[in-house]
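Student: Output the structure for:
(2 chains)
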Amino acid sequence: MELNARGRRLALTLLGAATAAACSDNTIFPPRSATVVRLDLVTPQTDDGALVIALQGPEVSNLAPASPGYLTYSRDHGPREARIIVVGDLKAGPVLTLNIAPGHQLAEYTATIQQVATRSDALRDDLTGYCLTVTAP
Amino acid sequence: MTSHLRHARLAALLVVFAGPVAAQAGRSTPEVEPNDAAQTATLARLGDTISGTVNPFDIDYFAVQLAGGTPLVLIAAPVPFCRDFALLDPSGNRLAFGNCVEEIDTLQFTIPVTGRYLIRVTQFDDAPGEHPQRPYALHIGTNPVVIDVARVVDALLAGDPAALDPALRQRLDAYGNANGVLDVGDFRAYLRAEGLLRGGKWN
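Tutor: Numbering: from 1, shown residues only, chains lettered A, B, ... in the order given. Sure, this is the predicted structure:
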């Protein structure tokens, strides 16, 4: 009986430690359910009108525009890459949401910008200052 | 053109002119004086709604780069005066003409070769007395030709525009910067020109 009580205390202690570690560092405890991930645009401009994005990482699903004002198209480009067009009066901040499958970590995903066009349809030559951040909100 | 179709096109034009939709369907391009000659024409693009004012002594020119094969449609907004408008080829030859006497408000013409085409607007009024400036507006659009957007997206995202038919590639490029390379700006220009730039879709 006394042994059982000690065992329960030990189990609770381990569970508490695991939860704390999972909240602070998912490289130790990958999520067991699909995680919603957001792609945020960092841009030095205020008149972006279209993007081509390459998203690399395994088992991505449920890609969706982050704004009802954005029009989006996507295609798989191999097993670990999706390419996406986002069109609209784009602003800095969220552009896409998606799910990553259980067992994967945020660090496995990278998003890069391949093309940017202005709202007057001109392709930008210089993409300095542009990037996408991948976060789990 | 039948009266029914004409009324439908005018209704579409009025929608294009109507505030929030106009911003998505195409930009508004007012004339920039002096635009009384082909050489000083105000630059416009496919999908634009051009506008200005004319009196009987004024001629307004707009220039627009068009790809061969484009099924161009010019739609003039109704006006309470005698307004004539014409489409001219890059050499200045008249290809199509809309006049107030016959109440022609829409011109349809398939562009034969890629080039800088002109739209000329005049006011015909031989009444004596004052000749005030009268406002006008025209929409530069296309017939709703089916373009396989999925194929265009495939090619763009595969980084392989050469997979598209050259004529289609040229036409899409002409919607945008017409630099001979198909890019996301051209694709956006096509969506805008065809009134497809609406949010909330996932394809």
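Student: Residue B:152 versus the nearest residue to residue A:119 once chain neighbours are set aside, what's the distance?
Tutor: Distances taken as Cβ to Cβ, 6 or more residues apart in numbering or on different chains place residue A:49 nearest to residue A:119, at 3.7 Å, with adjacent residues excluded. Where C-beta positions appear, they are placed from N, C-alpha and C, glycine not excepted. Distance, residue A:49 to residue B:152, using Cβ to Cβ, to the nearest Å: 17 Å.
Student: doesn't residue A:117 make contact with the residue nearest to residue A:119?
Tutor: Yes: look at residue A:49 against residue A:117 with Cβ atoms under 8 Å: they come within range, at 5.2 Å.
Student: between the two, what contacts are shared?
Tutor: B:185, B:188 (Cβ atoms under 8 Å, 6 or more residues apart in numbering or on different chains).
Student: And residue A:112, how close does it get to chain B?
Tutor: Separation of residue A:112 from chain B (Cβ to the nearest Cβ, to the nearest Å): 13 Å.
Student: For that residue, which residues are in contact?
Tutor: Residue A:112 makes contacts with A:53-54, A:56, A:132, as judged by Cβ under 8 Å, 6+ apart.
Student: Bridging across strands, which residues link to it?
Tutor: Judged by DSSP bridges, the bridge partners of residue A:112 are residue A:54.
Student: Determine the number of other residues adjacent to residue 131.
Tutor: If you meant another chain, say so; for now it's chain A. Using other Cβ atoms under 10 Å in any protein chain shown, residue A:131 has 12 neighbouring residues.
Student: think we crossed wires, I meant chain B
Tutor: When neighbours are counted by other Cβ under 10 Å, residue B:131 registers 14.
Student: Now do residue B:58 against chain A, distance only.
Tutor: 28 Å.
Student: burial measure for that residue, as a count.
Tutor: Neighbour count of residue B:58, defined by other Cβ under 10 Å: 18.
Student: Hmm, residue B:55 and residue B:132 touching each other?
Tutor: Yes: the pair residue B:132 / residue B:55 is scored as a contact, 6.6 Å apart, by Cβ under 8 Å.
Student: Which one's more surrounded, these two?
Tutor: Neighbour count, other Cβ under 10 Å: between residue B:132 and residue B:55, residue B:55 has more, with 14 against 10.
Student: Let me see the contact set for the spatially closest residue to the more buried one that is not a sequence neighbour.
Tutor: In space, and not counting its chain neighbours, residue B:55 is closest to residue B:131: 4.5 Å by Cβ to Cβ, 6+ apart. Contacts here follow Cβ under 8 Å, 6+ apart; on that basis residue B:131 touches B:55-57, B:125.
Student: before we move on, what about residue B:141?
Tutor: Each residue near residue B:141 by Cβ under 8 Å, 6+ apart is listed here: B:26, B:46-47, B:72-75, B:193.
Student: out of the residues you listed, which are inside helices?
Tutor: Of the contacts of residue B:141, the ones assigned to helices by DSSP state H are residue B:193.
Student: Please report how far residue B:152 lies from chain A.
Tutor: According to Cβ to the nearest Cβ, residue B:152 and chain A sit 9 Å apart.
Student: For that residue, which three-state class applies?
Tutor: Put simply, residue B:152 is helix when judged by DSSP: H, G, I helix; E, B strand; the rest coil.
Student: That one against residue B:164, yeah?
Tutor: Yes: counting by Cβ under 8 Å, residue B:152 does reach residue B:164; the two are 6.7 Å apart.
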